[in-house]
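1. Attaching a predicted model along with its sequence, questions to come.
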Amino acid sequence: MRMQASNIKSLKSDNRALILDEIRKTPCSRAQLAETTHLTRSAITMIVQELIEEDILKETQALHSGRGRRQVLLDIVDDHKLALGLSLHRQEITVVLTDLRCRQIEKTSKLTRAFAGISNGEAVVGDRADGADGVLEWAQDAMQGMITRHGLKRSDLVGVGISSPGPLRLSEGLILEPIDFPLFHNYPVVAKVQDCHFMFADDTEDLVNSDHDARAALNVSLDNNAVLLAMRELYQVAGQIARHRHILFVTISRGIGSCLINNGQIYRGAAGYAGELGHTSINSTGRPCSCGNFGCLERYATLQELKNFFGFDSYEVVVDLAYNGISKTIAIIEQIAEWLSAALVNAVNLFDLDAVVIYGELNYRPQLLMDMIRKRVNQRSLISRAHQVEVYASGYDDKTAAEASTAGIIDAWFKQKF
Ligand SMILES: [Zn+2]
């Protein structure tokens, strides 16, 4: 049977994606690639050679393997391409330029309330207060500045990634109605970014003077910020979580979001809204939540709720005192662990997780809190009778959240989706 040319092309692209996907998690040898991808050695040799010639892969340090032989490892050329990111957050709007590992090259931010026309409850004077379109206008200027300053060609970019609180309708690139984020209600953010005109170093005069339609459109992707943070953690850090396949990634930052990694893949649910751990109830007669439920985790375990409840100003001080053995502050950390564990035990029992990763505003000296949570989760979940459930603090500082906005568009590029 003759294979269609298009089938061969897509098979080749699938194999390239397989190889890139492995190497970006951790540098590996050609022999290791053959094992993990189940491709033939000759196919791997050929594709790797191509990827090296295209400057996507590089050969890196030779390691001595068990038998004393030198081994050449393959790694990603981090700045082979770059990505622009637009991070929409309740506090701050950020535009970022990153390499293929979501590492910041340049970043600029502006307070969200400046666009919403509110500053400490007062109307902003002398600043733009023109809503979501104003955000896009500002973001376009910021992105153009980065493109110009770095002399980027159109082909230097994988595209633009956008992160936003959910719920989102991913198929339409639409932000629906995130709680406490009215600026972007029912906003077609992907179409708006696709409509932005950018000028690149390799755009010729003719092109600059012609219609926008004549230029190749940039790839634009939108995703939930918890999903993007999880993707960055999963794909960019070859560390302790790399050995787990069933992970709940929890973000605590104003609200509480989560992303379920099911057998190494992101679990989306029926319509892409999966992972609202913050709106699972830990007390059916508890505090009312704006989602309509009672006793939602988010009403207990965010920094603001904790400050309101316990009356402390600085979480760092509470944690420092707890490490010094001050019983009152240890009790606060215990209570936080108690609330988080109540929700996490439910999640572990439902999905048979082998790891939980916690990211965000409670990750100051997180070992004490993580130990308390790990103990509870393993004492109280049925699953832990079959296997241990690990609880980790994320390796990322929550000040680097905006950089994760490029994780989705980079992931699509590594998977050779365009
Ligand atoms: Zn709720």
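-> Received it, and whenever you're ready, just let me know what you need. Small disclaimer: the values here were computed from a predicted structure and weren't measured.

2. helix or strand right after the lowest-mean-pLDDT helix or strand in the chain?
-> None of the helices or strands of the chain scores lower by mean pLDDT, DSSP states H and E than strand 122-123, at a mean of 46. If you walk from strand 122-123 toward the C-terminus, the next helix or strand you reach (DSSP states H and E) is helix 131-149.

3. Tell me which strands the helix or strand just after that following helix pairs with, and in which orientation.
-> Next along the chain after helix 131-149, taking DSSP H and E as the criterion, comes strand 157-164. Sheet pairing here is set by DSSP bridges, and for strand 157-164 it gives strand 82-88 (parallel), strand 220-224 (parallel).

4. what residues does the stretch 151-300 of the chain put near the ion?
-> On the criterion C-beta under 5 Å from the ion, the ion has as its neighbours in the stretch 151-300 of the chain the residues H279, C289, C291, N293, C296. Glycine gets a C-beta too; all of them are placed from N, C-alpha and C.

5. Just among those, which is most surrounded?
-> Using other C-beta atoms under 10 Å as the neighbour test, these are led by C296, with 26 neighbours.

6. Can you name the residues bridging to that one?
-> Partner residues in beta bridges with C296: S281, with DSSP bridges as the criterion.

7. Need the worst-confidence member of the residues of the stretch 151-300 of the chain next to the ion.
-> Lowest pLDDT of these: C291, 88.

8. Give me the contacts around the lengthiest helix in the chain.
-> When secondary structure is assigned using DSSP state H, the longest helix within the chain turns out to be helix 327-351. Applying C-beta atoms under 8 Å, 6 or more residues apart in numbering, the contact partners of helix 327-351 are 246, 248, 250, 258, 260, 262, 277, 280, 282, 297, 300-301, 306, 310, 312, 318-319, 321-322, 353, 356, 358, 362, 368-369, 372-373, 376-377, 380-384, 389, 391.

9. Poorly predicted segments of the stretch 101-250 of the chain, please.
-> Applying pLDDT under 70 to the predicted model, the residue ranges of the stretch 101-250 of the chain that meet it are 117-130, 205-216, 236-239.

10. how would you label the residue of it found nearest the ion: helix, strand or coil?
-> Evaluated by C-beta to the ion, the stretch 101-250 of the chain has I179 as its residue closest to the ion, separated by 8.1 Å. Reducing the assignment at I179 to three states with DSSP: H, G, I helix; E, B strand; the rest coil gives coil.

11. Just want the phi and psi numbers for it.
-> Phi and psi for I179, reported as degrees, to the nearest 10, are phi -60, psi 140.

12. got a list of what it touches?
-> For I179, the contacting residues are P165, G255, S290, C291, taking C-beta under 8 Å, 6+ apart as the criterion.

13. Do I have it right that the first one meets P178?
-> Yes - P165 is in contact with P178 according to C-beta atoms under 8 Å; the separation is 4.0 Å.

14. circling back to that earlier point, I'd like the residues of the stretch 151-300 of the chain next to the ion as CSV, with secondary structure appended.
-> CSV is the format used below for these (three-state DSSP):
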residue, secondary structure
H279, helix
C289, coil
C291, coil
N293, coil
C296, strand
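
15. for the stretch 1-150 of the chain, what spans make up the strands?
-> In order along the chain, the stretch 1-150 of the chain carries the following strands (DSSP state E, counting those that start in this stretch): 57-64, 70-76, 82-88, 92-98, 104-111, 118-119, 122-123.

16. hey, least reliable of those strands by pLDDT?
-> For these, the stretch scoring lowest in mean pLDDT is strand 122-123; its value is a mean of 46.

17. buried set for the longest helix of the chain?
-> For helix 327-351, the neighbour count (16 or more other C-beta atoms under 10 Å) marks 329-330, 332-333, 335-337, 339-348, 351 as buried.

18. ok, L229 - how many residues close by?
-> Around L229 sit 32 other residues, with neighbours defined as other C-beta under 10 Å.

19. again with the one 4 residues further on
-> Using other C-beta under 10 Å as the criterion, E233 is surrounded by 24 other residues.
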